[in-house]
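Just the structure for this:
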Amino acid sequence: MEQNFALYTDAILVMASLGAALYCLRLHQQLKRFQRADRGVGEAIKRLTEATRLSQSAAAEIRDQVKESLAALDARYGDLQVKRQEVDDLLDAIEGQMGQHMRRCTEARQLTEQALTPLVHKAEMEIHALTKALEVATRLRRLHGEESPVDSGLNLRTAPDAASATGSLSNNPFLRAVGE
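Okay, the predicted model is just below:
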């Protein structure tokens with residue numbers, strides 16, 4: 001029995017050795033496959049690392065460009081604010097000058113009206129005096145038998161109302177002399 005037992009033990013040991021050898025062969029094959037894959041994975045990792053580095057440098061460049069653009073934009077915005085304030089100041093000045101000119105125009109119109117009113121009144125008085133003189137001349141011509149300008153078709157202006165005529169007679173020496 002002991003021999004059988006040693007034989008069984010040897011057989012089990014040979015089979016275990018054979019299983020271990022097959023297992024080692026299988027591990028060796030997997031290790032070779034992994035080394036081949038390691039070269040492929042290593043290359044992929046290397047390419048990925050390079051792409052990451054390039055994208056990080058591109059992102060840094062873009063960040064710098066954005067900072068420069070923001071700085072330029074801020075400067076332009078500041079200039080725009082200054083220009084806007086200048087335009088507002090100019091508009092205020094123009095509005096002030098326009099108001100001042102409007103007041104001056106109103107004053108000039110009022111002064112012109114004040115200056116022209118006596119002249120118009122004086123012209124009306126002179127026209128009234130001339131109308132009276134024409135009437136007197138017409139009466140004199142009729143007395144002498146000559147044709148009057150009124151009869152010949154001339155369009156003469158009528159005399160102003162009687163109230164203004166009486167006031168103007170006292171001011172006009174010619175009318176006072178004619179006496180109507």
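
ok, which stretches of the protein are helices?
According to DSSP state H, the chain carries its helices in the segments 2-144, 162-171, 173-178.

Format those as CSV; extra columns: mean neighbour count.
Backbone N, C-alpha and C define where each C-beta goes, glycine included. Converted to CSV, those look like this (neighbours: other CB atoms under 10 Å):
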stretch, mean neighbour count
helix 2-144, 11
helix 162-171, 13
helix 173-178, 13
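
ranking the ones you listed by mean pLDDT, which is last?
Sorting those by mean pLDDT places helix 162-171 lowest, at a mean of 49.

Tell me how far K83 lies from L91.
K83 is 13 Å from L91, where distance means CB to CB, to the nearest Å.

Let's check: the centremost residue of this structure is which one?
R84 (9.7 Å; CA atoms, centre = their mean).

wait, what's in contact with it?
Applying CB atoms under 8 Å, 6 or more residues apart in numbering to R84 gives no contacts.

what's the spacing between it and E113?
Relative to E113, and taking CB to CB, R84 is found at 43 Å.

Equivalent analysis for H101, please.
18 Å.

Also D92?
From D92 to E113 the distance is 32 Å (CB to CB).

now do D10
146 Å.

L31 too?
When L31 is compared with E113 (using CB to CB), they lie 118 Å apart.

Repeat that for I12.
With CB to CB as the criterion, I12 and E113 are 140 Å apart.

Same question for I94.
For I94, the distance to E113 - CB to CB - is 28 Å.
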